[in-house]
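Visitor: Need coordinates for the below:
(2 chains)
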Protein chains: 2
Amino acid sequence: MVVEIVEVGPRDGLQNEAVVVSTDLKIEFVRLLAAAGARRIEVTSFVRPDRVPQLADAEAVLAGLRLPDVTTSALVLNEHGLRRAHAAGVDEVNLVVVASDTFSARNQGTGTAAAMATAGRLAGQAKDAGIRVTLTIGAAFGCPFEGEVDPGRVLDLAAQAHAVDADEVCLADTIGVATPGRVSTLVHAVREVTSLPIRCHFHNTRNSGYANAYAALAGGAVALDASSGGIGGCPFAPRATGNIATEDLAWALHRDGHRTGLDIPALLRATALIERTLGRRTPALLARTDPFPIPKATTQQ
Amino acid sequence: MVVEIVEVGPRDGLQNEAVVVSTDLKIEFVRLLAAAGARRIEVTSFVRPDRVPQLADAEAVLAGLRLPDVTTSALVLNEHGLRRAHAAGVDEVNLVVVASDTFSARNQGTGTAAAMATAGRLAGQAKDAGIRVTLTIGAAFGCPFEGEVDPGRVLDLAAQAHAVDADEVCLADTIGVATPGRVSTLVHAVREVTSLPIRCHFHNTRNSGYANAYAALAGGAVALDASSGGIGGCPFAPRATGNIATEDLAWALHRDGHRTGLDIPALLRATALIERTLGRRTPALLARTDPFPIPKATTQQ
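Guide: Take a look at the predicted model:
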């Protein structure tokens, strides 16, 4: 099957990094990802620079990109952010509503219901402006402050995403506590309340991320977030760690006959850039080992 | 469902470590694993000490264990090893046949067919001696020297495992190149050629190991190998890295309602011992993050 991998390295990947990455390097990173075949990239957030200083250059990053084949996406939490995103020419806004009140308050200063009301308003404004809208339900599988999250709250938000005319709903395991059985159950349940396409977002905090990705696809999700090198985290979730890595996910999917449009050696070049920039290894594993299958030139020797 | 996790940390986990672990520490490691609920543990190999020096103390390790509730297993490759294992009182021998000729020659000095003939002879002798026999098919999903392995070779070996009256057949992804779709296909195909219980053995070399574990269970495998902390490797496979980690696997399975009989905090104590002993962090992730779900005492504050 065709699997759409949404590259979130430039936004979710970088937002929690202590090393401030220059605008030029961010643009180069996005360009390498596009060259590797990424056709939908979350490039930045339009949020308060004092809250997420790494992404304070959102306008400059967008201005530096000339990628007609790529759908650029940006995270937006309020009207001011949406106006900035619109002015910067993003193709898609990623609206986020966190399913638990405590985490929602820490993430965006208000509880879940009020955040959803805001998202609904923003969705209407974005659609009127010709911007694609995706609604991400954060902490859909667990909250770092409240613990388990009632799936009923997630289903309620998914139904509202449908009602406000979003183009897609995303179930985000912000802190890496989802497991394949739970993913399967929740994706199936969400399909009962909405006909919107379902995207899933997994962190590999406890080594369940890739298994969750497969479970999501088996359950009917059509798109998966992943970050180059598996970089990532959340500034407002304690000890949240990296996303699943684009190259490791694509490698497995390709070996199983799925198509992502991504080129693995080109993805590894993007990861190499980000490792040089951050000055450390990323959690992705493909670059640490030998290619497989072994290139023909080697096996024929 | 009930999932049997076979703990392979003391054998597959340690065999490739440069730090030579003392016999006393190995015994303590096995005891901590048993205390965590492990009921089947591959404790050592009876192979040539010059080839695998880490496990040269196989007899002493067995002699130091008094674990009536635990099935002790040991890897054996020839008659001499089987005699040693029998004298040491192991409950089970793990016979290994590598599915590709080149890797088989490097691993045990002979091609696949000859290795299978030896394994058949050893199986008969072990059964006569009242020792349980499991036959592991190595490199079942790919070879570090030849590349792709014809599934027909694996099926042929699985059928022979059945014919020689082994108690179980194990599909081993020795170098971490299996992916969930391939696992599912191969496990289903093996079930067509044998009614033996199927165990699977995955390395997380390219981040596909946990997804493979779930695919194996969905396909009908009833047991999975895993190592405490995800330690491991193979001395004769270049750049092979760790097994899937017992605690990360058990944590996910438990959250999905499966039962393993393992206690996560107790497993983390075994991993802590091995991390202190090896002087480094292991690839397992659970110990690096917060427990989840959050203990009630915390959420009620």
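Visitor: Stretch A:101-117 and chain B, are they touching?
Guide: No. Residues of stretch A:101-117 contacting chain B under C-beta under 8 Å from any C-beta of the partner chain: none, with a closest distance of 9.8 Å. Backbone N, C-alpha and C define where each C-beta goes, glycine included.
Visitor: end-to-end on that stretch?
Guide: Its first and final residues considered, stretch A:101-117 spans 14 Å by C-alpha to C-alpha, to the nearest Å.
Visitor: Mind listing what's buried along that stretch?
Guide: Across stretch A:101-117, burial judged by 16 or more other C-beta atoms under 10 Å in any protein chain shown covers A:Asp101, A:Thr102, A:Phe103, A:Ser104, A:Ala105, A:Arg106, A:Asn107, A:Gln108, A:Thr110, A:Thr112, A:Ala115, A:Met116.
Visitor: So which of those is the closest to B:Arg48?
Guide: The shortest distance between B:Arg48 and any of those, using C-beta to C-beta, involves A:Phe103 and amounts to 55.9 Å.
Visitor: Pretty sure that closest one sits in a helix.
Guide: Yes. Counting by DSSP: H, G, I helix; E, B strand; the rest coil, one finds A:Phe103 located in a helix.
Visitor: Please look at it and A:Gly142 and confirm they touch.
Guide: No. Taking contact to mean C-beta atoms under 8 Å, the distance of 9.7 Å between A:Phe103 and A:Gly142 leaves them out of contact.
Visitor: Chain neighbours aside, what residue packs nearest to A:Ala119?
Guide: A:Leu95 (4.4 Å; C-beta to C-beta, 6 or more residues apart in numbering or on different chains).
Visitor: List the beta-bridge partners for the one you found.
Guide: When bridges are called by DSSP bridges, A:Leu95 pairs up with A:Val76, A:Leu135.
Visitor: What residues does it make contact with?
Guide: With contacts defined as C-beta atoms under 8 Å, 6 or more residues apart in numbering or on different chains, A:Leu95 is in contact with A:Val76, A:Leu77, A:Ala119, A:Leu122, A:Ala123, A:Ala126, A:Val133, A:Thr134, A:Leu135, A:Thr136, A:Ala166.
Visitor: just A:Leu82 next, same as before
Guide: So, once contact is read as C-beta under 8 Å, 6+ apart, A:Leu82 ends up touching A:Phe46, A:Val76, A:Val93, A:Leu122, A:Gln125, A:Ala126.
Visitor: Check A:Gly152 too.
Guide: For A:Gly152, counting by C-beta under 8 Å, 6+ apart, there are no contacting residues.
Visitor: Go ahead and report the secondary structure state at it.
Guide: Once three-state DSSP is applied, A:Gly152 turns out helix.
Visitor: again, but for A:Ser73
Guide: strand.
Visitor: circling back to that earlier point, now the contacts of A:Leu95 as JSON lines including neighbour count and pLDDT?
Guide: What follows is the contacts of A:Leu95, written out as JSON lines (neighbours: other C-beta atoms under 10 Å in any protein chain shown; pLDDT from 0 to 100):
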{"residue": "A:Val76", "neighbour count": "28", "pLDDT": "97"}
{"residue": "A:Leu77", "neighbour count": "25", "pLDDT": "96"}
{"residue": "A:Ala119", "neighbour count": "28", "pLDDT": "98"}
{"residue": "A:Leu122", "neighbour count": "23", "pLDDT": "98"}
{"residue": "A:Ala123", "neighbour count": "24", "pLDDT": "98"}
{"residue": "A:Ala126", "neighbour count": "25", "pLDDT": "98"}
{"residue": "A:Val133", "neighbour count": "22", "pLDDT": "98"}
{"residue": "A:Thr134", "neighbour count": "26", "pLDDT": "98"}
{"residue": "A:Leu135", "neighbour count": "27", "pLDDT": "98"}
{"residue": "A:Thr136", "neighbour count": "25", "pLDDT": "98"}
{"residue": "A:Ala166", "neighbour count": "26", "pLDDT": "97"}
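Visitor: got a list of what the nearest residue to A:Ala35 once chain neighbours are set aside touches?
Guide: With C-beta to C-beta, 6+ apart as the measure, A:Ala266 is the residue that lies nearest to A:Ala35, at 5.7 Å, once sequence neighbours are left out. The neighbours of A:Ala266, taking C-beta under 8 Å, 6+ apart as the test, are A:Leu32, A:Ala35, A:Ala36, A:Gly37.
Visitor: any idea how far A:Cys143 lies from B:Trp251?
Guide: A:Cys143 sits 18 Å away from B:Trp251, taking C-beta to C-beta, to the nearest Å as the criterion.
Visitor: still on that earlier bit, out of the contacts of A:Ala266, list just those in helices.
Guide: Taking DSSP state H, the ones among these that sit in helices are A:Leu32, A:Ala35.
Visitor: and the contacts of A:Ala266, which are buried?
Guide: A:Leu32, A:Ala36, A:Gly37.
Visitor: Now the residue of the stretch 51-200 of chain A found nearest chain B: closest residue in space that isn't a chain neighbour?
Guide: Nearest to chain B, among the residues of the stretch 51-200 of chain A, is A:Gly181, at 3.1 Å (C-beta to the nearest C-beta). The shortest distance from A:Gly181 to any non-neighbouring residue, by C-beta to C-beta, 6+ apart, is to B:Asp256 (3.1 Å).
Visitor: okay but A:Glu28 is in contact with A:Leu273, surely?
Guide: Yes. Under the criterion of C-beta under 8 Å, A:Glu28 makes contact with A:Leu273 at 6.5 Å.
Visitor: thinking again about what came up before, output the buried residues of stretch A:101-117 in a markdown table; the columns should cover pLDDT.
Guide: Conversion of the buried residues of stretch A:101-117 to a markdown table gives the following (pLDDT from 0 to 100):
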| residue | pLDDT |
| --- | --- |
| A:Asp101 | 98 |
| A:Thr102 | 97 |
| A:Phe103 | 96 |
| A:Ser104 | 97 |
| A:Ala105 | 96 |
| A:Arg106 | 93 |
| A:Asn107 | 89 |
| A:Gln108 | 89 |
| A:Thr110 | 96 |
| A:Thr112 | 98 |
| A:Ala115 | 97 |
| A:Met116 | 98 |
